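>>> coords please:
(2 chains)
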There are 2 protein chains.
Amino acid sequence: MSNVDAGVPAPVAGRKGLANGFDFSKGTAGLSPDTVALIERRKRTLGTLGPLFYNRPIHVVRGSGAHLFDADGVDYLDCYNNVACVGHANAHVREAVADQLAKQDTHSRYLQDEVLDYAERLLALFPEGLDRVSFTNSGSESNDLALRMARVYSGHQGVVVTANAYHGITALVSSVSPSFGTAIPLAPFLATVEVHDVLTGDMPADRVRAVLRERFVAAFRKLHDAGYGVSAVLLDQIFSSDGVLPGAQGWVADVADMAHRAGGLLIADEVQSGFARTGDAFWGFQRHHADADLVTIGKPMGNGIPTGAVVYKAAIGDAFAACTRYFNTFGGNPVSMRAAEAVLDEIESRGLLKQAKTVGDYICDGFASLLAGRPKLGQIRHAGMFIGIDIRSDDGSRPDPAGTQAIVDALRDRDILISASGADGSALKVRPPLVFTTADADRLLAAIGELRDLGYFG
Amino acid sequence: MSNVDAGVPAPVAGRKGLANGFDFSKGTAGLSPDTVALIERRKRTLGTLGPLFYNRPIHVVRGSGAHLFDADGVDYLDCYNNVACVGHANAHVREAVADQLAKQDTHSRYLQDEVLDYAERLLALFPEGLDRVSFTNSGSESNDLALRMARVYSGHQGVVVTANAYHGITALVSSVSPSFGTAIPLAPFLATVEVHDVLTGDMPADRVRAVLRERFVAAFRKLHDAGYGVSAVLLDQIFSSDGVLPGAQGWVADVADMAHRAGGLLIADEVQSGFARTGDAFWGFQRHHADADLVTIGKPMGNGIPTGAVVYKAAIGDAFAACTRYFNTFGGNPVSMRAAEAVLDEIESRGLLKQAKTVGDYICDGFASLLAGRPKLGQIRHAGMFIGIDIRSDDGSRPDPAGTQAIVDALRDRDILISASGADGSALKVRPPLVFTTADADRLLAAIGELRDLGYFG
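Next comes the predicted model:
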């Protein structure tokens, strides 16, 4: 059955690709010998299932703060990576991990200080009522567990997400992630709600909230009529894959209240929006003052050391515990907990919540003033250091995914790393490590000015 | 909804507990003040969803080799933990992790040496044909991905597992893990096969293989008749939760061949049996000479640093890649890869495959000679350092779960850590770190001799 030299498989109808992905089917002509060699090694071991960024992929060997370096010493400005939130090669995280590895790294079937110390500190960051936590190894495991808990607690099966949602890669979670497309069928118990149109237009917030209430009611009714009921509304609290949609604060609170009346729960997916990213609050759902029942976290939690968690109301955990047990071998292991604790230390001691806001504002102000009046510049949306910038056709009349990708590539050629987002890939995605400074921002903005002068923005 | 002081929820019908679990509903009378304080902190943060070992839980603060230590400096002999396969607080793993954390820890959407170096080294440990790998963060994520791949490749949905199988904790994987019970319903597309009876009796191997062939044919037929077909037979290659069943080598090969004829695949779950554990071969499925299509790994892979993987035939990955992408944020991250590489270094340089065999044999010989003629001693089964020892009633007529637990507890009181296994919890489970020595074994065996003299073995 095996075929080492198999080419790149042709996509099945319904498969959605990744914005800014390297196209393995185009071969490696024009790339450096080092890059070609690494891509060949990769194809022979990892195959082409895992995406690679850029037409000219980058070979990363070290990092520092918001900078990554390749084997030739090229200094890439990292305007993309949220995982290394307190900076690449952070010394405090490293020391905490190394210290713990000199002690022990077993699991939570023994009593241990590390998991309890971190659990207490984490829960103190949540509103009253969100008072229990179960640890996992990734955002995907967190969303998978949260959905399982919501189903048991509610007694229902249906799930509601946004139209281009991404929530992770387990069988269940990917089946409620329409951003993968439909080559593998989505779950029958899924209802989706389009939010991009109203959250990117100029509709007043009150009207947006009224429209979204109607749409969610329709989704709930669909699931009810199909016999599934509503177990959970699962919402990324920055709506990253839908194009970065921080607007109309409060609409998520409406949806939570409606979900509760429908017998379901709100799961706030904070895998991307959590840990001070949005600048306004430590968690994205707090920007909406939403009554979240479960909150899922991951990516930046350990600055790259795998760890995640679900935070939830105690009664939900009790209902689940009555039906099953949840032991995650690595979940809450002392090394991951120490890394996660070091991340909180850094966020707090270095004032990164405030920095996310001030530097995020600074970047967006810079884009706005550099590109004022350019038809290709669409809406700039952001909360803190999570930024989406729509790129439009030359006459400003429609989204321009190709123009967006051209800007991403031109920045990469200038050693600056961003990516694209949205259902059609027509929004620039700028989401740097939280330690990103105004000096870093100036380098990004200088490159944007250069691209502007070269005609990339019309 | 929240209720911090809620008691311990009463189990729903069908819920299966964990062997050797602390019973939160019994309270903390008789435990040390330190233990009581930690359990109270745990209940207020983690709740009671996650299991805790022993009637008298252990507070672990450091480790070394096959030894764990509590806050009072008590030296526990670890005869249970397979994750820390190259020893607790292993210096080589620690140095590799600390070195990498000083460099960078991003993800596989950039080209990186660490993931390719490890992928090549890992794949070299597999038979020809198993030539692709995707990295995950846990055995659960690995089994979840393997099942997704098998479904896409085969075009079928049905899954076959053993009668008390445990394969992990995602929604999909837990729904094919009957060891959780049925309070949360098992998957409708699941068929189970009892293997414990024939693999623990005195039936000749040829006859065992013939009986199991018949039982798997019946399972395939059931799935076929229900319209699911057979996507995969998913088998833990040491059958840990079924009671540790290394016997009748070759029967898994029969099942693989039959699965192929039914249009399905064999997924060898090596999360527990992999990485030299069985002493006979690096992977458990090699003991059976089975033609595995996908192999899932996890637990010991990074000595506690979260990491896992699925190894598979290239054509399976190509079929899956044609339908979707698989990007796991932490999967294959450089820190996990360096930890995993250090584990292979240690297994190879310290000869731990051979040690698993010799010390595993030594432990079993010791049990057999110490307890010869005792009716309570049932069958001793093992491959390498994965050991199951049946404990029977005083007259030897039936399994004795309570007697098994009494021995586990008596050993814990002597600072020796083992646990219990099997559908009814009537097998002692002995599964130490691979660095466990004959001197360590002598300490275990001395305690067994003491328990024998105290009447624990009739």
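>>> and the top helix by length along chain A, what does it pack against?
Taking DSSP state H as the criterion, chain A has its longest helix at helix A:205-225. Judged by 3 or more CB pairs under 8 Å, 6 or more residues apart in numbering or on different chains; DSSP states H and E, helix A:205-225 is in contact with strand A:158-162, strand A:190-193, helix A:196-200, strand A:230-236, helix A:251-261. The C-beta positions use only the backbone N, C-alpha and C, and glycine is treated the same way.
>>> which stretch among those comes nearest B:Phe189?
Across the helices and strands packed on helix A:205-225, B:Phe189 has its closest neighbour in strand A:190-193 (18.7 Å, CB to CB).
>>> what does that closest one contact?
Outside of strand A:190-193, the residues within contact range by CB atoms under 8 Å, 6 or more residues apart in numbering or on different chains are A:158-163, A:165, A:175-176, A:178, A:212, A:215-216, A:218-220, A:222-223.
>>> rewinding a little: let's have the helices and strands packed on helix A:205-225 in CSV, adding mean neighbour count, distance to B:Asp34 and mean pLDDT.
Output for those, formatted as CSV (neighbours: other CB atoms under 10 Å in any protein chain shown; distance: least, CB to CB, whole Å; pLDDT from 0 to 100):
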stretch, mean neighbour count, distance to B:Asp34, mean pLDDT
strand A:158-162, 27, 43, 98
strand A:190-193, 20, 48, 98
helix A:196-200, 19, 52, 98
strand A:230-236, 28, 39, 98
helix A:251-261, 20, 41, 98
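>>> and of these, who's closest to A:Val310?
Proximity to A:Val310 (CB to CB) singles out strand A:230-236 among these, at 12.0 Å.
>>> got the contact list for that closest one?
Contacts for strand A:230-236 (CB under 8 Å, 6+ apart): A:143, A:146-147, A:150-151, A:154-162, A:165-167, A:176, A:216, A:220, A:223-224, A:242, A:252, A:255-256, A:259, A:262-269, A:271-273, A:294.
>>> for those, which PyMOL command selects only the ones that are buried?
This is how PyMOL selects the buried members of these, with burial counted by 16 or more other CB atoms under 10 Å in any protein chain shown:
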select buried, chain A and resi 143+146+147+150+151+154+156+157+158+159+160+161+162+165+166+167+176+216+220+223+224+242+252+255+256+259+262+263+264+265+266+267+268+269+271+272+273+294
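>>> report the contact partners of A:Asp254.
When contacts are taken as CB under 8 Å, 6+ apart, A:Asp254 is in contact with A:209, A:212-213, A:216.
>>> and it, how far from A:Gln286?
15 Å (CB to CB, to the nearest Å).
>>> what's the answer for A:Ile169, then?
Distance from A:Ile169 to A:Gln286, by CB to CB: 27 Å.
>>> what's the answer for A:Leu46, then?
Taking CB to CB, one finds A:Leu46 at 38 Å from A:Gln286.
>>> wait, doesn't A:Leu199 sit right on A:Val208?
Yes - A:Leu199 is within contact range of A:Val208, at 6.6 Å (criterion: CB atoms under 8 Å).
>>> and for these two, which residues touch both?
With CB under 8 Å, 6+ apart as the test, A:Leu199 and A:Val208 both reach A:247-248.
>>> ok, back up a step: and A:Ile169 and A:Gln286? Which one has more around it.
Shown here are A:Ile169 and A:Gln286; by other CB atoms under 10 Å in any protein chain shown, A:Ile169 has more neighbours (27 against 20).
>>> which stretch of helix or strand covers that one?
Remark: A:Ile169 resides in no helix or strand, with elements defined by DSSP states H and E.
>>> OK, contacts around it?
Contacts of A:Ile169 (CB under 8 Å, 6+ apart): A:140, B:141, B:145, B:326-328.
>>> now the strands: where do they sit in the stretch 251-400 of chain A?
Using DSSP state E, counting those that start in this stretch, the strands of the stretch 251-400 of chain A run over residues A:265-269, A:294-297, A:308-313, A:377-383, A:386-391.
>>> now the helix or strand following the last one: how far from the chain's centre is it?
Elements were assigned by DSSP H and E; along the chain past strand A:386-391, the next helix or strand is helix A:401-413. In terms of CA atoms, centre = their mean, to the nearest Å, the gap separating the centre of helix A:401-413 from the centre of its chain is 21 Å.
>>> which strands or helices does the following helix or strand past helix A:401-413 pack on?
Going down the chain from helix A:401-413, the next helix or strand is strand A:416-417, by DSSP H and E. Judged by 3+ CB pairs under 8 Å, 6+ apart, strand A:416-417 is in contact with strand A:75-78, helix A:438-453.
>>> brilliant, that's me finished.
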